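Colleague: my questions are about this predicted structure, shown below with the sequence.
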Amino acid sequence: MSVHINAKAGDIADTVLLPGDPLRAKFIAENFLEDVTQFNDVRNMFGFTGTYKGKRISVMGSGMGVPSISIYINELMNEYGVKNIVRVGTCGAIQKDVKVRDVIIAQSASTDSSQNRKLFGSEIDYAPTSDFDLLLSSYNEAKRRGIDVRVGNIFTADSFYDAKENNAQLADYGVLAVEMESSALFTIAKKYDARALTILTVSDHILTGEATSSEERQTTFNEMMEIALDAVLPFVGE
Ligand SMILES: O=P(O)(O)O[C@H]1O[C@H](CO)[C@@H](O)[C@H]1O
Ligand SMILES: O=c1cc[nH]c(=O)[nH]1
């Protein structure tokens, strides 16, 4: 047991899909995994382990924002030996040619979170970067399915509201979309010599105001989930 996860040693697979929403974790477990057992209910941050195409995979909610996901990544990697995490999240698009329901694979995550400035000191702008092998595997899975994914830099924002004024400049510099966790995921995974990737579905468009419903965010976006599950298979138990 760790502070925020009431699982026993061995209850969690070495490969974890990590959506922000614990009900999205439940949806993935119920719809994609077999022989599922629940390993966490602390704070209703549901976590499940099952099998996918015969390989043992876990799925758990991370909560919203850098502080919440950081707690879970640290405990999963440091106390349960997790070696691969793929965040399957939602984001707001800030490029005109990125559409609602498009899938984005994050290569890197810029951020306004102060977490890395506290870690490295204010003279250093560390570049949180996803794992290349997982990225390539996900990209190939998407292409195999005929899904026209976008790959690139995303922005991990500390604020959901009141932080829109930088979006135009971020878009000018090639940032595809805004979410709230990946800079922490990529940074902490490196500390534990583990693999991390983020795959996002565009839930809303910040320029046009088009948006999906909260139910759709909980229970659909299957393309992203299937890409993530198939992409992690070569790394399970490695
Ligand atoms: O849908 P999830 O994975 O939670 O991701 C996005 O949605 C939340 C904001 O609504 C933030 O956590 C953001 O990163
Ligand atoms: O973090 C997020 C997620 C979806 N849409 C946003 O604007 N921000």
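Modeller: Received the coordinates, thanks. Ligands and ions are numbered 1, 2, ... in the order given.

Colleague: for the rest of this, base every contact and every neighbour count on C-alpha atoms.
Modeller: Will do.

Colleague: and the residue nearest the centre of the chain, bridged to which residues?
Modeller: Geometric centre of the chain, nearest residue: residue 87, 1.7 Å, by CA atoms, centre = their mean. When assigned by DSSP bridges, residue 87 has beta-bridge partners residue 198.

Colleague: if I pick it, what's in contact with it?
Modeller: 17-20, 182, 196-200 (CA atoms under 8 Å, 6 or more residues apart in numbering).

Colleague: let me know the closest of these to residue 135.
Modeller: residue 197 (6.6 Å; CA to CA).

Colleague: can you list the residues of this structure near ligand 1?
Modeller: The chain comes close to ligand 1 at residues 19-21, 64-65, 89-91, 179-181, as judged by CA under 6 Å from any ligand atom.

Colleague: so which of those are in strands?
Modeller: Among the residues of the chain next to ligand 1, DSSP state E puts 89-91, 179 in strands.

Colleague: out of those, which is nearest to residue 47?
Modeller: Comparing these against residue 47 with CA to CA places residue 89 closest, at 15.7 Å.

Colleague: what residues are up against the closest one?
Modeller: Taking CA under 8 Å, 6+ apart, we find residue 89 in contact with 18-20, 198-201.

Colleague: then residue 98?
Modeller: By CA under 8 Å, 6+ apart, residue 98 lies in contact with residue 176.

Colleague: ditto for residue 117
Modeller: Contacts of residue 117 by CA under 8 Å, 6+ apart are 123-125.

Colleague: how about 10 Å then?
Modeller: 123-126 (CA atoms under 10 Å, 6 or more residues apart in numbering).

Colleague: tell me the buried residues in the host helix or strand of it?
Modeller: Applying DSSP states H and E as the criterion places residue 117 in helix 115-120. Buried residues in helix 115-120, defined by neighbour count with 16 or more other CA atoms under 10 Å: 115-116.

Colleague: residues from the chain in reach of ligand 2?
Modeller: Counting by CA under 6 Å from any ligand atom, the chain sits next to ligand 2 at 90-92, 160, 178-180, 203-204.

Colleague: make it 8 Å
Modeller: Residues of the chain lying close to ligand 2 by CA under 8 Å from any ligand atom are 90-93, 156-157, 159-161, 177-180, 202-206.

Colleague: which of the contacts of residue 87 lies closest to ligand 1?
Modeller: Of all the contacts of residue 87, ligand 1 sits closest to residue 20, with 3.4 Å by CA to the nearest ligand atom.

Colleague: give the contact list for that closest one.
Modeller: Neighbour list for residue 20: 45, 60-65, 68-69, 87-90, 180-181, 218 [criterion: CA under 10 Å, 6+ apart].

Colleague: repeat that for 8 Å
Modeller: 61-64, 69, 87-89.

Colleague: now, which of the residues you listed sits nearest residue 50?
Modeller: For these, the minimum distance to residue 50 (CA to CA) is 15.1 Å, reached by residue 61.
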